[in-house]
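K.L.:
just a sequence and a predicted model for now, questions to come.
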Amino acid sequence: MTTVAATSHPAPAHHDDRSFIRKYVFSTDHKIIGIQFLFVSLFFLLVGGLLAMQMRWQLGFPGKPMPGGGILPETMAPGGVILPEYYIQLLTMHGTFMVFFAIMPLLVGVYANFLIPLKIGTHDMAFPRINMWSFWSFFAAGLVMLSSLFVPDGAARAGWTMYAPLSARHDLSGASFGQELWSVSIILVGLSSILGSLNYITTIINNRAPGMTWFRMPLSVWSLFITAILGLLALPVLSGAAIMLLFDQIIGTHFFDPAAGGQALLWQHLFWFFGHPEVYILILPAMGMVSDIIANGSRKPIFGYHSMVFAIVAIAFLGWIVWGHHMFVSGMNPTLGSSFMVSTLVIAVPSAVKTFNWMGTMWRGNIKFTVPMLNAIAFVAMFVIGGLSGIFMAATPVDMQIHDTYFIVAHLHYVLFGGSLFALFAAIPYWYPKMFGRMMSERWGKVHFWLTFIFYNCTFFPMHITGMAGEMRRLYDPNQYTFLQPYQPIRVFISISAFLLFATQIIFFVNFWWSLKKGKPAGLNPWQDNGLEWTLPSPAPHGNWERVPTVYRGPYEFSSPQVPEDYLPQTRKLPGDREPAVASAARH
Amino acid sequence: MRWWLPLKASTFAGPIDGLFLAILIITGIAFVLVEVGLIWFVIRYRQRPGRKAFYTHGNTRAEVIWTAIPAVTMVALGLISNRYWVEIKGRNSVPANAYPIAIHAKQFEWQITYPGPDGKLGTPDDFTVRNQLHVPVGRPIVVALSSEDVIHSFYVPQFRVRQDAVPGMDIKAWFQATVPGTYELGCSQLCGLGHYRMRAQVFVQTQEDYDAWMKQAAQEASS
Amino acid sequence: MTHAAATVDQMRPPYPAERGLDVYNTKLGMWVFLASEVMFFAALIGTYVILRFGAPGEWARPGIVLNIKITAFNTFLLICSSVSMVKAYAAIQDGDPKNMRFWLLLTILGGASFVGIQVYEYIHLVEHGFVPSGVREGSELAELVAKGTLPAATMGLYGSTFFTMTGFHGFHVTCGVISMTYLYFTKALPGKYSKADYGGIETVGLYWHFVDLVWIILFTIVYLI
């Protein structure tokens, strides 16, 4: 075993001289790849939002011509009035774009790529070229999915959950080529995810800097690591299912065709076996990054670091055995309903632990209300609502009443928007300086935060009420039902709030783009954080460090009695710190 | 406009609404604890000149408590819920004397087959009506669900009953209506273009009214 | 200059790091990738099991549609190619690149032959009327269905599962053959592998054994049972 010479000032790598194409287009640099994911995913977030706006127009103002609807084809929205066939495409593609092309890549594609090598102290991912392919297959998948909106018969329209046989039979759904493009795109997304996971897992296991032991890794890295394992094992099942669906659609196989012995429920089992781990993929990185930001904002170590790690592992592990809770009324054996209910209720426990630990971190802290901290606190407040509403649907008798209603829509938006997206509104400005060398505007970030918070709750909270009343999902015109007509004022309220919510995001986008060139130049460590990335210049250079740094402590040593400052970087060597014993470079 | 669950019109509604309320109370307590706690912390522990944060890595006892309490609560909730689940959906939950009606879901209508005056399905006096579900009040009804094409879902909010109708499967769902009146049956699983208008009327009638309707409808069907 | 990331064949990283799993990156990466492949084939094979045991009738008896003899030989061929892969690996571990190249070439030929024989089998099956959607109307096999030798109710599922599982397996074998050929010409032939540096061989060997293992499972549950 050899020891490493003390490097209390990790030296950044030298200037590189690659061509523009190699540097910014076909780059193998994990940071550039992360930024590529960021730009493309933000675009798809906008696409998903635009699709939702159209849905909300129809629900709030049914039968009225939509402003700007004139550009839509006559077969979809004659005179700007949305038709049922277009509405079901809108809802399908909104879900699809948001899950696969916005939230998942924003959390994983961006932050796993950007943060992992920086936060564990290495030059790049284990397989930089495979990493590049992970981005470009994602890009190709996005193009395919986007193109499906423009093909003659329109896009897929069986919901983002694509239940068979509706999804498999064009004669029953009215779709054709667009439905097949969905399957192809999903297969490419799966490939991108698996290639990414390959890198994240290998890099974290094998390429941590000396001293960066497992329990000195930040929670953001832990959550990305566990998420990568989830993705590695879940996406292939989706790919398999998508292949079988594609084959049913184009070469006449019968996987989901009951007339030939196929089983409709088979699709649901395959899809949700992937789908449930997928939602944990969509929340765990958010939780991890929020942990980092809350500890930083409170100037206090994270409360119960080890429990936080075990909670992440527990959530991920339990996430494999709850998928049937999407299928309580599906015709699945009711006994399975009981077992899935139990596992689903149990998974509430580690999430509760995490919530209390975030609060424990803030307790007796010295809280600074920066834009990231505001959004991180809102994450906790909103995620709790989403998580608690999940308990209603976990109780199978209650689920009979609220399954496939707006109560579910409220729940999923509280965890995905109130949770994941608020976490992104925290993470994006937080790591922006390290990506681009500039700060986003604090002032406009705060305006964006407050307006988003208000309009977001106005949009989604009332959905709990209409869901309780029995308002079913995916209805083009709820007013067909007498019992739902009285709720039209709520639908109008939700739609107007949604429009305002969407408009507010313009502030975020302008702030993001404007700050790229005009934002306040950032120093090395604008948040006075302890992570390894903050020892590098902003933006971080190609190759990160000339020599990998040495780590002496965990990442949450805020307000430590050892030093007068209220933060203590992981790489700073204090008298009394020992050099880490490191395995020699030779390894088999 | 109701701000709560719909009118209770079946024997399931009492237990389900009770469970809903219990969960609301439990989650409500958690909600208040967390949100008030957050607001309190945000005010009390905000950064002010001269303040320093309290350096601690956690408190095992606190963590044990806030792990154990949710865990025990969830287990209790599971046991209670399961009791009702088995009663409503269990393999042997359909009451022996339940009155049989067959509902065949199809894009985009409900084909409802009644057992006719002899009260037995599968006999020559059965007849089929579209989009009208008549049931006698106060008797268990067992619906034999099937689907012609894609997955649909049988849902009557006031009965608190929901069950997917899956092509290739014969699925039974039962309920007992308690309040005479007119309700609506909605399709609760996206089934294509006409999903939004796959609606049926539900008439819960006294036994006399039901028998009268049955006689007339059977006559109309045979003519 | 230490910022070169670990290249594909490097068995030791050029810079110190915390102790990981004591498995070098390329090999660890392959294990991780194979975990995802296990899940992929599990989805396909699990589907087969569910559909077969939930089928609305009898399943076709083995041997009527498929040629067990030729496929058994093909299985033997694939197993042999795994053995030659092991020998290639052992050779380079001992620092014998010449023998490694010989056994690697045999492995490639074995794999390519497997694919070739499988393509031949597919053509044969399609000619006789067996397609992914089941049995083609008016074909030889359609007559067997009419006679009752083959069960009409399940032939659709039989075709769907057979072609999907074996097709994707064949695709994986093909990717393996292409990878090994690529390594052969770019690394093995120019003598880039040595006793100290043979990661590519070991890694592609892992993949090859996995593909072989999947085939043994498929052969058993599709052709024999």
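P.N.:
Okay, I see it. Numbering: from 1, shown residues only, chains lettered A, B, ... in the order given.
K.L.:
my assumption is that A:Phe328 lies in a strand; please confirm.
P.N.:
No: counting by DSSP: H, G, I helix; E, B strand; the rest coil, A:Phe328 is not found in a strand; it is coil.
K.L.:
my read: it touches A:Pro397, true?
P.N.:
No: taking contacts as CB atoms under 8 Å, A:Phe328 lies outside contact range of A:Pro397: 9.3 Å. All C-beta atoms are positioned from the backbone trio N, CA, C, and that covers glycine.
K.L.:
next one: phi and psi at C:Met30?
P.N.:
When read as degrees, to the nearest 10, the backbone of C:Met30 gives phi -70, psi -40.
K.L.:
okay, the residue nearest to A:Gly470 when sequence neighbours are not counted: pLDDT?
P.N.:
Among residues not flanking A:Gly470 along the chain, B:Pro157 sits closest, at 3.1 Å (CB to CB, 6 or more residues apart in numbering or on different chains). Among the per-residue scores, B:Pro157 shows a pLDDT of 97.
K.L.:
ok, now C:Ser139?
P.N.:
93.
K.L.:
contacts only, for it.
P.N.:
C:128-130 (CB atoms under 8 Å, 6 or more residues apart in numbering or on different chains).
K.L.:
what sits against the residue in the stretch 101-250 of chain A positioned nearest to chain C?
P.N.:
Distance from chain C to each residue of the stretch 101-250 of chain A (CB to the nearest CB) is smallest for A:Gly240, at 3.2 Å. When contacts are counted by CB under 8 Å, 6+ apart, A:Gly240 is found next to A:270, C:40, C:43-44, C:47.
K.L.:
among those residues, which ones are in strands?
P.N.:
Among the contacts of A:Gly240, no residue falls in strands (DSSP state E).
K.L.:
with pLDDT added, can I get those residues in TSV?
P.N.:
Shown next, in TSV, are the contacts of A:Gly240 (pLDDT from 0 to 100):
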residue	pLDDT
A:Leu270	98
C:Phe40	98
C:Ala43	97
C:Leu44	98
C:Thr47	97
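K.L.:
give me the buried subset of the residues you listed.
P.N.:
Buried subset of those (neighbour count, 16 or more other CB atoms under 10 Å in any protein chain shown): A:270, C:40, C:43-44, C:47.
K.L.:
ok, back up a step: separation between the residue nearest to A:Gly470 and B:Val202?
P.N.:
10 Å (CB to CB, to the nearest Å).
K.L.:
ditto for A:Phe273
P.N.:
36 Å.
K.L.:
neighbour-wise, which of the two wins?
P.N.:
A:Phe273 (24 against 20; other CB atoms under 10 Å in any protein chain shown).
K.L.:
what's near enough to touch the more buried one?
P.N.:
Applying CB under 8 Å, 6+ apart, the residues near A:Phe273 are A:234, A:237, A:320, A:323.
K.L.:
gap between stretch A:282-301 and the chain center?
P.N.:
15 Å (CA atoms, centre = their mean, to the nearest Å).
K.L.:
go through that stretch and flag the buried ones.
P.N.:
Across stretch A:282-301, burial judged by 16+ other CB under 10 Å covers A:282-301.
K.L.:
among the residues you listed, which are in reach of chain C?
P.N.:
Among the buried residues of stretch A:282-301, not one lies near chain C by CB under 8 Å from any CB of the partner chain.
K.L.:
related to what we said a few turns ago, kindly reformat the contacts of A:Gly240 as TSV containing distance to A:Gly365.
P.N.:
Compiled in TSV, the contacts of A:Gly240 are given as follows (distance: CB to CB, whole Å):
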residue	distance to A:Gly365
A:Leu270	45
C:Phe40	46
C:Ala43	46
C:Leu44	51
C:Thr47	51
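K.L.:
how about CSV for the residues you listed, with distance to chain B added?
P.N.:
Output for the contacts of A:Gly240, formatted as CSV (distance: CB to the nearest CB, whole Å):
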residue, distance to chain B
A:Leu270, 15
C:Phe40, 26
C:Ala43, 21
C:Leu44, 21
C:Thr47, 15
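K.L.:
what residue ranges in chain C score low on pLDDT?
P.N.:
In the predicted model, chain C carries pLDDT under 70 at residues C:1-10, C:12-14.
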